[in-house]
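In: Would you be able to build a 3D model of this:
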Amino acid sequence: MLDRVEIMNYRCFAHVDVPLRPFTVLIGPNDTGKSSFLSAVRKLTERQLGSDDLRRGAESALVRVQWRGQNVTFDLATPKSARWSGPMEEIYPTRLFTLPSAGVSMKSQGTYAVVPDLDRTGSNLATLVDYLLRKDRRRFDAFVAAMRARVPGLEEINVETPNPSERQVEFVIDGGLRLPGDEASAGVKLLLFFVALAHHPELPKIVLIEEPENGLHPKRIADVVQLLRGLTTGALGGPPAQVIVTTHSPLLVDELDLEQDQLLVFERQPDGARTARPVDRDRLRLFLDEFKLGEVWFNRDEEGLVAPAEPRP
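Out: Here you go, the predicted model:
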């Protein structure tokens, strides 16, 4: 797990230095740097940082993560000279997901000879389900049971093969009705993605997700948080993974436990620089006996979650 991230002169950040936990949630208004933070983590671990990532006007940039007491650092100085240090291979791979709110496609190309990887939009989901069905029946049965527990009326999940290179998910519901996967609701398709990710036999070590609540019924958000937190412990049979998500949903924030989860608040400063701070746990204790965390955020905005800023000299 990454214990800390420090960013200097990367995109919209002048300087950010924040602690992480196995399950970390990023909140803040639009255009406060949440997506850029995810990008910095992904690009560092995949060695993809380049001079285009320099903050405007800056001559050098640094992204550093702390991992098991060691620093993994990317140091970029113009013109286009970069230095890497630290056990990069130990924290690779990282996967960033930005899922369509209309739901992940239930059709994909590919075969089941190797464990399918899921791309940024969740494509290859049907191929992953097919792999579990044919190569890992115990995990497939657990995956189907987890979906049945969350989708009333669901009886079976099938995989159709219209041709040797194509896979399609099919649902059997309500006494035998066969429903092509792409005709299911957006929420069911998204839930299928999260359940399949939770049962993936070869998870990325770091999972980054943009706004996982998009397209979900409000009552399903708790299910998704439960699944994502399960990824961090290996509770569903896979290796543990660190999960970092962005959200605009107070309902998702309601599900956090500040004793084990991290909540980071992103803000835009008058000079255009973005900052990030952990919530003030001591301050929040005054409210959490009566209110949920998301309620406090909704009613008091981001400023109500963090310590008051120190006056400038």
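In: okay, which residue is most central for this protein?
Out: residue 209 (2.5 Å; Cα atoms, centre = their mean).
In: That residue looks like it's in a helix, true?
Out: No. Residue 209 sits outside any helix when classified using DSSP: H, G, I helix; E, B strand; the rest coil, being strand.
In: for it, which residues make a bridge with it?
Out: When bridges are called by DSSP bridges, residue 209 pairs up with residue 97, residue 245.
In: Roughly how far does it sit from residue 131?
Out: Computed as Cβ to Cβ, to the nearest Å, the residue 209 to residue 131 distance reads 22 Å. No exception for glycine: its C-beta is placed from N, CA and C like everyone else's.
In: the helices in this structure, which residues?
Out: Assigned by DSSP state H, the chain shows helices spanning 34-45, 125-135, 137-150, 186-198, 221-233, 250-254, 281-284, 293-300.
In: Can you name every helix or strand that the first one contacts?
Out: In terms of contacts (3 or more Cβ pairs under 8 Å, 6 or more residues apart in numbering; DSSP states H and E), helix 34-45 is packed against strand 2-10, strand 13-19, strand 23-27, strand 60-67, strand 70-77, strand 94-97, strand 206-210, strand 242-246.
In: Not counting that helix itself, show me its contacts.
Out: Outside helix 34-45, the residues that touch it by Cβ atoms under 8 Å, 6 or more residues apart in numbering are 2, 5, 7, 10-13, 16, 26-28, 48-49, 53, 63, 65, 72, 74, 88, 91-94, 96, 206, 208, 210, 244, 246, 266, 274, 276.
In: Among the residues you listed, name the buried ones.
Out: Taking 16 or more other Cβ atoms under 10 Å as the criterion, what is buried in the contacts of helix 34-45 is 2, 5, 7, 10-13, 16, 26-28, 49, 53, 63, 65, 72, 74, 88, 91, 94, 96, 206, 208, 210, 244, 246, 266, 274, 276.
In: Pop the domain breakdown of this structure in here.
Out: 1-93+204-313, 99-203 (automatic domain parsing).
In: mean pLDDT for those domains: which is lowest?
Out: Lowest mean pLDDT within the domains of the chain: domain 1-93+204-313, a mean of 89.
In: now that one, how far from the centre of its chain.
Out: Relative to its parent chain, domain 1-93+204-313 has a centroid offset of 10 Å by Cα atoms, centre = their mean, to the nearest Å.
In: Can you report how many residues neighbour residue 73?
Out: 17 (other Cβ atoms under 10 Å).
In: who's in contact with the residue nearest to it when sequence neighbours are not counted?
Out: In this structure, residue 73 finds its nearest non-sequential neighbour in residue 64, 4.5 Å apart by Cβ to Cβ, 6 or more residues apart in numbering. By Cβ under 8 Å, 6+ apart, residue 64 lies in contact with 5, 6, 7, 71, 72, 73, 74.
In: in the sheet, who's paired with the last one?
Out: I take that to be residue 74. In beta-bridge terms (that is, DSSP bridges), residue 74 pairs with residue 63, residue 84.
In: Who are the contact partners of it?
Out: So residue 74 contacts 43, 44, 47, 49, 61, 62, 63, 64, 82, 83, 84 (Cβ under 8 Å, 6+ apart).
In: Check the spacing between the fifth one and residue 13 real quick.
Out: Right, the one you point to is residue 61. Distance from residue 61 to residue 13, by Cβ to Cβ: 9 Å.
In: shared neighbours, these two?
Out: residue 55.
In: between the helices of the chain, which one is nearest to residue 161?
Out: The closest of those to residue 161 is helix 125-135. By Cβ to Cβ, the value is 7.7 Å.
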